[in-house]
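Peer 1: prediction below, plus the sequence it came from.
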Amino acid sequence: MTAATTEPAPVPSLAGFTVGVTAARRAEELGTMLERRGACVQHGPAIRIVPLADDADLLDRTRALVANPPDVTVATTGIGFRGWVEAADGWGIGEALLAALGKGELLARGPKARGAIRASGLTEKWSPPSESSAEVLEYLLEEGVDGLRIAMQLHGEPLPDVVEALELAGAEVVQVPVYRWVPPADLGPMDRLTDSVLAGGVDMLAFTSAPAAASLLARAAERGVKDELVEAMRGPVLALCVGPVTAAPLEAVDIPTLQPARSRLGAMVRTLEAEAPTRARRLPVAGHWLELRGHAVLVDGELRSVPPTGMSMLRVLARRAGRVVTRAELLRALPGGGDDEHAVETAMTRLRSSLGTPKLVQTVVKRGYRLALDPGAGPAPTGGHCV
């Protein structure tokens, strides 16, 4: 191997990877975090949020709680609790709602929910250190809930296990789904994202809510491509979820998921940063280190963009590194197929130009092409090109 004379400039940790974002709320925030780390982001919202002012179901449940105040109210999210109170203000029953909730105890699942309760002029009785719904449930069951009326403020994602456990223990649970989620009005972006996954154009799919995961699978079933989508997500496409509740619809169909230790967007992105290097393949080729990512490669730590046709051929060559791959085999790997082997020669010329080092791929006269693997180069270096 030829020793590098200069240390290559670090490239972003997610550069060369394409991440599909299925979120509706905070999609821009998540997309920005991913793009700052070099990812190419494709947005295909799988859900949309029903505006609070138009949510007749929320209005009906709010009026019912004002008329019959709960003994306990559980605030699961800060934004959800604030939105609920603001919506009630818009309907002219904001003060009545706060008065009704103030007659009972308030529990906050985490610090943001606790802050929203206090900002409304109320005071919480208890909040779990773990910020988990499971610990809230454990606390309620230990205190005893038989005969109690409990208002459970939700934020898009249902908590069926928690609700069922409380009802089995004798409580009446009023679920208050703030920011109800329904399928998107325009299905085009979600369908295009699914098509990109099936075509091999997406490396990771990011989910921030269980309804989005369920909606993507349901729409794929309507289009007759659910089996193909599930197969892709069991294999080359990584399913990244913000937490276990979000992951549930995927894991129900045996799709493995990657989750952060804490259910936060920032933690989710950092978890992906740690995982991404394991999904790249590094090979010693013609005196250089070649790293294959989703839609780009690194040559000695320098990021090189490669056209889709070039990446398709490069993946085939890498799978058989050092061995000859015929033009016919490479032709079958090209998007769109065809029967003109001249297309392989044209694509190979562009690939070599993209790599910037033509000798990485050798022409074997009358046989095909091979990746010029250095079999005795030793293990690939790690950590030098990621930030």
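Peer 2: The structure has been received and is ready for your questions. Numbering: from 1, shown residues only.

Peer 1: may I ask which helix or strand of this protein has the lowest mean pLDDT?
Peer 2: strand 181-182 (a mean of 83; mean pLDDT, DSSP states H and E).

Peer 1: partner strands of that one and their direction?
Peer 2: For strand 181-182, the paired strands and their directions (DSSP bridges) are strand 48-49 (antiparallel).

Peer 1: can you name the next helix or strand after the strand it pairs with?
Peer 2: Sequence order places helix 56-67 as the next helix or strand after strand 48-49, per DSSP states H and E.

Peer 1: contact partners of the helix or strand following that next one?
Peer 2: Past helix 56-67, further along toward the C-terminus, the next helix or strand under DSSP H and E is strand 72-75. Strand 72-75 has contacts (CB atoms under 8 Å, 6 or more residues apart in numbering) with 81, 101, 104-109, 113-114, 116-117, 124, 136, 140, 145, 148-153. C-beta coordinates here come from the backbone N, C-alpha and C atoms, glycine included.

Peer 1: who does strand 72-75 pair up with?
Peer 2: In the sheet, strand 72-75 lines up with strand 105-108 (parallel), strand 149-155 (parallel) (DSSP bridges).

Peer 1: quick one: closest of these to residue 351.
Peer 2: Residue 351 lies closest, by CB to CB, to one member of the strands paired with strand 72-75: strand 149-155, at 47.6 Å.

Peer 1: in the stretch 151-300 of the chain, which spans are helices?
Peer 2: 160-168, 188-198, 210-222, 226-234, 244-251, 265-275 (DSSP state H, counting those that start in this stretch).

Peer 1: please name the bridge partners of residue 238.
Peer 2: Applying DSSP bridges, one finds that residue 238 bridges with residue 204.

Peer 1: burial of it, as a residue count?
Peer 2: 21 (other CB atoms under 10 Å).

Peer 1: surely it meets residue 271?
Peer 2: No: using CB atoms under 8 Å, residue 238 is not in contact with residue 271, being 10.6 Å away.

Peer 1: need the overlap of contacts for the two.
Peer 2: Contacts common to residue 238 and residue 271, judged by CB under 8 Å, 6+ apart, are residue 258.

Peer 1: still on that earlier bit, tell me which residues are up against the least confident helix or strand of the chain.
Peer 2: For strand 181-182, using CB under 8 Å, 6+ apart, the contacting residues are 24, 47, 48, 49, 50, 156, 209, 211, 212, 215.

Peer 1: let me have the residues you listed in TSV, extended by distance to residue 37.
Peer 2: What follows is these, written out as TSV (distance: CB to CB, whole Å):
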residue	distance to residue 37
24	22
47	25
48	27
49	27
50	32
156	26
209	22
211	26
212	21
215	26
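
Peer 1: can you flag the buried ones in the residues you listed?
Peer 2: 24, 47, 48, 49, 50, 156, 209, 211, 212, 215 (16 or more other CB atoms under 10 Å).

Peer 1: list the contacts of the fifth one.
Peer 2: Each residue near residue 50 by CB under 8 Å, 6+ apart is listed here: 179, 180, 181, 182.

Peer 1: need the buried ones from the residues you listed selected in PyMOL.
Peer 2: Here is the PyMOL selection string for the buried members of these, based on 16+ other CB under 10 Å:
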select buried, resi 179+180+181
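
Peer 1: now do the phi/psi pair for the nearest residue to residue 48 once chain neighbours are set aside.
Peer 2: Nearest non-adjacent residue to residue 48, counting by CB to CB, 6 or more residues apart in numbering: residue 184, 4.7 Å away. Phi and psi for residue 184, reported as degrees, to the nearest 10, are phi -70, psi 150.

Peer 1: oh, and call the first residue 420 from now on, that's how I've got it
Peer 2: All set: I'll call the first residue 420, so the last point we hit is now residue 603.

Peer 1: from residue 510, how far out is residue 603?
Peer 2: Going from residue 603 to residue 510 by CB to CB, to the nearest Å gives 26 Å.

Peer 1: between these two, who's got more neighbours?
Peer 2: residue 603 (18 against 15).

Peer 1: related to what we said a few turns ago, most tightly packed of the helices of the stretch 570-719 of the chain?
Peer 2: Highest mean neighbour count of the helices of the stretch 570-719 of the chain: helix 629-641, a mean of 21 (counted as mean count of other CB atoms under 10 Å).

Peer 1: so where is the stretch 470-619 of the chain shaky, pLDDT-wise?
Peer 2: 575-576 (pLDDT under 70).

Peer 1: touching, residue 578 and residue 553? I think so.
Peer 2: No: applying CB under 8 Å, one finds residue 578 not in contact with residue 553, separated by 9.9 Å.

Peer 1: which one's more surrounded, these two?
Peer 2: residue 578 (21 against 14).

Peer 1: mind listing what the more buried one touches?
Peer 2: Residue 578 touches 495, 552, 571, 664, counting by CB under 8 Å, 6+ apart.
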